[in-house]
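Participant: the sequence and its predicted three-dimensional model are supplied below.
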2 protein chains.
Amino acid sequence: MNKSIKEKRVTIHDIARAVGIAPSSVSKALNDLPSVSEKVKTLVRAKARELNYKHNLSAANLRRGSSRTIGVIVPKINVAFFSDTIAGIEETCFENNHRLIICQSNESFEKEVQAVETLIQQNVDCILISLSQETQTADHLKEITNHHIHLIQFDRVNPDFDSHVIVNDNRQAAYNAVRHLIEEGYSRIAFLGGSEYLPIYKDRKNGYLAAIREADLDIPYNYIINNAAKTETALAKALELFYSKNPPDAFFTVSDFAALGVLKAARSFGLKVPEDVGIIGFSNEAFTEVTTPTLSSVIQWGKNLGKEASNIYFNTILKEKQEHFATLTIESTVAARESSCRKSKKQTFETR
Amino acid sequence: MNKSIKEKRVTIHDIARAVGIAPSSVSKALNDLPSVSEKVKTLVRAKARELNYKHNLSAANLRRGSSRTIGVIVPKINVAFFSDTIAGIEETCFENNHRLIICQSNESFEKEVQAVETLIQQNVDCILISLSQETQTADHLKEITNHHIHLIQFDRVNPDFDSHVIVNDNRQAAYNAVRHLIEEGYSRIAFLGGSEYLPIYKDRKNGYLAAIREADLDIPYNYIINNAAKTETALAKALELFYSKNPPDAFFTVSDFAALGVLKAARSFGLKVPEDVGIIGFSNEAFTEVTTPTLSSVIQWGKNLGKEASNIYFNTILKEKQEHFATLTIESTVAARESSCRKSKKQTFETR
DNA sequence: TAAGTTTAGGAAATCGATTTCTAAATTAAA
DNA sequence: TTTAATTTAGAAATCGATTTCCTAAACTTA
């Protein structure tokens, strides 16, 4: 606030004086508590509007010890899945008359720790977090619970740290995606994964392996590649495989960016997608619908996950006194677009 | 906070007791004020760390009247330009040891007003806002300044409401984009615009017109189309023009989504891009680099704009006492990719 | 050494809303 | 009509950090 401007903020004392009652009654009226008459409530509300009163959250927070605000920390807000998630969280918060503070870690552990600090200082009642790629330790999560702030981990979670958890069915989704490739007649299916230390990537790999095993497919060891979630690395790895003596006829990748890399590799190698090579990615990034051919992917229903995640706070935590940790799993859907459909017709989806 | 847990938060009083000094001195020590000795400061800092003290922002805000927090309201966080802008704002805030609260209006006027309310209640010191498509009035902006909160409008601004303003050179950028099309040999250039009430779209239209006029091109009236910023409407409008007796050979659109629509229309009509039709969009959405052909666009350097915008607060407003409203313009760059280059080689860009 | 100046640290008021406790007023029950 | 129960409203304490004012000690300077 500009120090040079002298006018002061309108407070409940001003309303009290104007209406001719005590400040405590004004507070009760504005909070719609039972110990004040309807008549007074109407009067107070009218006067508050007239004086353009704005509730001072700092003061209320200080007294209450709670802020009716929840904080969310995501690696990147411009990743489709996370912005979908945020949209869902926002909606639930709004319905429950809570504020939402959004922070991004930019995949940096240091920034993530800072975001936690910020949210603790802001007195948020609950923190929803999806961990950065760099995050290995959980001391900052411990900090959160030490300050008696509720913690809900989502998507990128640390399973060793006890808390409410909500994730996608990564294993099942990967299994379904690979099954889909098999049904489309692909059999030499390569896997481009992420870090083996992150559960989401580990699960997706396991889903892939399960489907391969079940279909009893012969997969050379070099078809299974970790740390290739980005476009450039995926492009390079895919090209390598195309040049090898026994090239794959399909790719399942743990990210759409990797799928895009494979698409570029196929194109530069002169292979047709989906005729020569099938591709399916993960996360249903917006761009999957505009490439040529359009890229098949896995829809994670981020908005729904966000709603469910925040409802863990509003329903489970706030309403039930007893604190038992919930673990929820959200089902994904295979979006079979052009890049993986050489038999069936491609489908269209209302994805968001 | 969980009411059932009884332990209380560590306060400066606890530190004071532990060190054997007064709370006021602890406060001064933690804020590194001159009226306390280095010895005491060291002592206090050590004890604070030992007791795991966390500064209570609510209390400090209440007393100070300022929160060292700034708020940003954007239409959508998952639009490339806005998430770039936020990244820039975040960086500057971090350097200046300020917190950032991000809100999105989802292009809804009602949500925008709510976001303003929230940020006022949170006691932010400054609000950076880019208006929703629906926003017509400025009462909520007035609310902001009424509460002595600094206001900086960016990108989608209301020029009739006095405040600091920072925008792109929309007119010049549009002019450059159309000049580029002309240089590539296109001459029957159609325009797909947005709402005529939003300055950004009006400016882009004027830039288009200026280039057309300067080159003395003959443009049929039906080449100039407003309210076609979305993929579907652009697709429909482009098809209409392709079917007309005198079809255009190029499109300048005010959004990349519209450009995508034109690309789809051209493809479905059997026209080759860029040979038969040139296309250039606006905003440099991520997907422009993955379509086939890649889409030319205008890079708005959102991150830079975000930095400059927040620096208006940190440099101009905070440091200079005198309040004069700054108006800054950020230059854009034409990213000439495949969809508009039938003569020259397409370029590549480090865009973010 | 006396007087003036600087420095370090503390006491207490303050920010604005909430909440507890108490009392008065009203209603219901006896 | 009296007593008990219920409403309604206010007084005052409180949350935790900051800041103003004040005092005592330490240090200069003449």
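Facilitator: Yes, it's here.

Participant: run the chain-centre distance for the helix or strand bottoming out on mean pLDDT in chain A.
Facilitator: One helix or strand of chain A scores below all others by mean pLDDT, DSSP states H and E: helix A:318-319, with a mean of 80. In terms of CA atoms, centre = their mean, to the nearest Å, the centre of helix A:318-319 is set 23 Å apart from its chain centre.

Participant: then stretch A:143-159?
Facilitator: Counting by CA atoms, centre = their mean, stretch A:143-159 comes out at 14 Å from the chain centroid.

Participant: count the neighbours of the closest residue to DNA strand C within the stretch 201-350 of chain A for me.
Facilitator: Closest approach between the stretch 201-350 of chain A and DNA strand C, counting by CB to the nearest atom of the strand: A:Leu318, at 14.3 Å. All C-beta spots, glycine's among them, are computed from the backbone N, C-alpha and C. When neighbours are defined as other CB atoms under 10 Å in any protein chain shown, A:Leu318 has 16 of them.

Participant: what of A:Tyr221?
Facilitator: For A:Tyr221, the neighbour count with other CB under 10 Å is 5.

Participant: what's the answer for A:Pro199, then?
Facilitator: Using other CB under 10 Å: A:Pro199 sits among 18 other residues.

Participant: on the strand side of things, show who A:Ile225 bridges to.
Facilitator: Counting by DSSP bridges, A:Ile225 is bridged to A:Leu192.

Participant: per-residue pLDDT, it?
Facilitator: pLDDT, A:Ile225: 97.

Participant: and it, what is it in contact with?
Facilitator: Counting by CB atoms under 8 Å, 6 or more residues apart in numbering or on different chains, A:Ile225 makes contact with A:Ala190, A:Phe191, A:Leu192, A:Gly193, A:Lys237.

Participant: and it, how far from A:Ala258?
Facilitator: Distance from A:Ile225 to A:Ala258, counting by CB to CB, to the nearest Å: 10 Å.

Participant: also A:Val44?
Facilitator: Distance from A:Val44 to A:Ala258, counting by CB to CB: 59 Å.

Participant: settle it for me: which of these two has more neighbours?
Facilitator: Of the pair A:Val44 and A:Ala258, A:Ala258 is the one with more neighbours under other CB under 10 Å, namely 29 against 24.

Participant: chain neighbours aside, what residue packs nearest to the more buried one?
Facilitator: Spatially, and ignoring its direct neighbours in sequence, A:Ala258 is nearest to A:Ala234 (3.7 Å; CB to CB, 6 or more residues apart in numbering or on different chains).

Participant: how about the residues of chain A by DNA strand C?
Facilitator: Neighbours of DNA strand C within chain A, by CB under 7 Å from any atom of the strand: A:8-9, A:11-13, A:23-24, A:26-28, A:30-31, A:35, A:53, A:55-56, A:59-60, A:62-64.

Participant: test my guess that A:Ala190 contacts A:Leu241.
Facilitator: Yes. Assessed by CB atoms under 8 Å, A:Ala190 is found in contact with A:Leu241 at 5.9 Å.

Participant: and the helices in the stretch 1-150 of chain A?
Facilitator: Remark: helices assigned in the stretch 1-150 of chain A by DSSP state H, counting those that start in this stretch are A:12-19, A:23-30, A:38-51, A:57-64, A:80-95, A:109-121, A:139-146.

Participant: coming back round to it: so who does the residue nearest to A:Ala258 touch?
Facilitator: A:Leu192, A:Ala228, A:Thr253, A:Phe257, A:Ala258, A:Ala259, A:Leu260, A:Gly261, A:Val262, A:Ala265.

Participant: can you tell me the element it falls in?
Facilitator: Assigned by DSSP states H and E, A:Ala234 belongs to helix A:231-243.

Participant: check which helices and strands whatever helix or strand comes next after that helix sits against.
Facilitator: Where DSSP H and E defines the elements, the next helix or strand beyond helix A:231-243 is strand A:250-253. Here strand A:250-253 touches helix A:170-183, strand A:189-192, helix A:256-269, strand A:278-280, going by 3 or more CB pairs under 8 Å, 6 or more residues apart in numbering or on different chains; DSSP states H and E.

Participant: for burial, what's the neighbour tally of A:Ala259?
Facilitator: Neighbour tally, A:Ala259, other CB under 10 Å: 31.

Participant: quick check: pLDDT value at it.
Facilitator: At A:Ala259, the pLDDT recorded in the model is 97.

Participant: kindly report the same for A:Met1.
Facilitator: A:Met1 is assigned 35 on the pLDDT scale.

Participant: try A:Asn96
Facilitator: Here, the pLDDT recorded for A:Asn96 equals 88.

Participant: what is the neighbour count of it?
Facilitator: 15.

Participant: touching chain B at all, whichever strand or helix holds A:Leu151?
Facilitator: Per DSSP H and E: A:Leu151 is located in strand A:150-154. Yes. Shown here: strand A:150-154 in contact with chain B (CB under 8 Å from any CB of the partner chain) through A:His150.

Participant: that strand: what's the following helix or strand?
Facilitator: The helix or strand immediately downstream of strand A:150-154 is strand A:164-168, counting by DSSP H and E.

Participant: direction included, what does that following strand pair up with?
Facilitator: strand A:150-154 (parallel), strand A:327-330 (parallel).

Participant: extract the CA atoms of it and return them as PDB.
Facilitator: Written as PDB, here are the backbone C-alpha positions of strand A:164-168 (Å, rounded to 0.1, in the frame of the first residue of the first chain):
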ATOM      1  CA  HIS A 164      -3.200 -38.500   1.200                       C
ATOM      2  CA  VAL A 165      -2.400 -39.600  -2.300                       C
ATOM      3  CA  ILE A 166      -4.200 -39.400  -5.600                       C
ATOM      4  CA  VAL A 167      -2.700 -40.700  -8.800                       C
ATOM      5  CA  ASN A 168      -3.600 -41.900 -12.200                       C
END
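
Participant: angle of that strand against helix A:80-95?
Facilitator: Orientation of strand A:164-168 against helix A:80-95 (axes from the mean of the first three to the mean of the last three CA atoms, to 10 degrees) gives an angle of 130 degrees.

Participant: give me the contacts around strand A:164-168.
Facilitator: Contacts for strand A:164-168 (CB under 8 Å, 6+ apart): A:150-155, A:157, A:159, A:199-200, A:300, A:305, A:308-309, A:312, A:316-317, A:325-332.
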